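Peer 1: Based on what follows, work out the 3D shape:
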Amino acid sequence: QGQLVESGGGLVQAGASLILSCVASGRPFKSHAMGWFRRAPGKEREFVASILWNGARTAYADSVQGRFTINVDNAKNTVYLQMNNLKPDDTAVYYCAAKYGPNWGNWGQGTQVTVSS
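Peer 2: Predicted coordinates:
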């Protein structure tokens, strides 16, 4: 199996935007979907968004619906998370993962997103 590397995190003010990237190396992954998750301080890891590699279907957590957009560039083996109108509650370490059947795996090392009020 391959490796996932996230980037693009940072410190921003509320209302700002960021784009996270997740590069998948060692394709073919044999996964059919990719996803973004996050873990805020003192909280469990939670689902943020997912997308099929062919871009045909996406899903979002209610908390980010309408503000975040996930998309995929197959030519670059990269999945992006466009985050708009960021809120302090979005502060977390963001991880990408690959989905194999019902299970998520190949977790990346994460990228920190901090939103100040």
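Peer 1: Now the residue nearest the centre of the chain, what are its backbone angles?
Peer 2: Taking CA atoms, centre = their mean, the centroid of the chain lies closest to W36, which sits 2.7 Å from it. Main-chain torsions, W36, degrees, to the nearest 10: phi -120, psi 140.
Peer 1: Tell me if I'm right that it and Y94 touch.
Peer 2: Yes - using CB atoms under 8 Å, W36 is in contact with Y94, at 6.1 Å. Any C-beta I mention is one placed from the backbone N, CA and C, and that applies to glycine too.
Peer 1: and for those two, which residues touch both?
Peer 2: Taking CB atoms under 8 Å, 6 or more residues apart in numbering as the criterion, W36 and Y94 both touch L20, V48, L81.
Peer 1: now the first one, which residues is it bridged with?
Peer 2: Applying DSSP bridges to L20 yields these beta-bridge partners: L81.
Peer 1: now the residue nearest to the centre of the chain: how far from T69?
Peer 2: Distance of W36 to T69, computed by CB to CB, to the nearest Å: 11 Å.
Peer 1: Between the two, which contacts overlap?
Peer 2: Joint contacts of W36 and T69 (CB under 8 Å, 6+ apart) are A49, L81.
Peer 1: what's the weakest-modelled helix or strand in the protein?
Peer 2: strand 103-105 (a mean of 90; mean pLDDT, DSSP states H and E).
Peer 1: Check which residues of that one are buried.
Peer 2: Within strand 103-105, the residues that count as buried by 16 or more other CB atoms under 10 Å are W104.
Peer 1: helices or strands up against that strand?
Peer 2: Here strand 103-105 touches strand 92-100, going by 3 or more CB pairs under 8 Å, 6 or more residues apart in numbering; DSSP states H and E.
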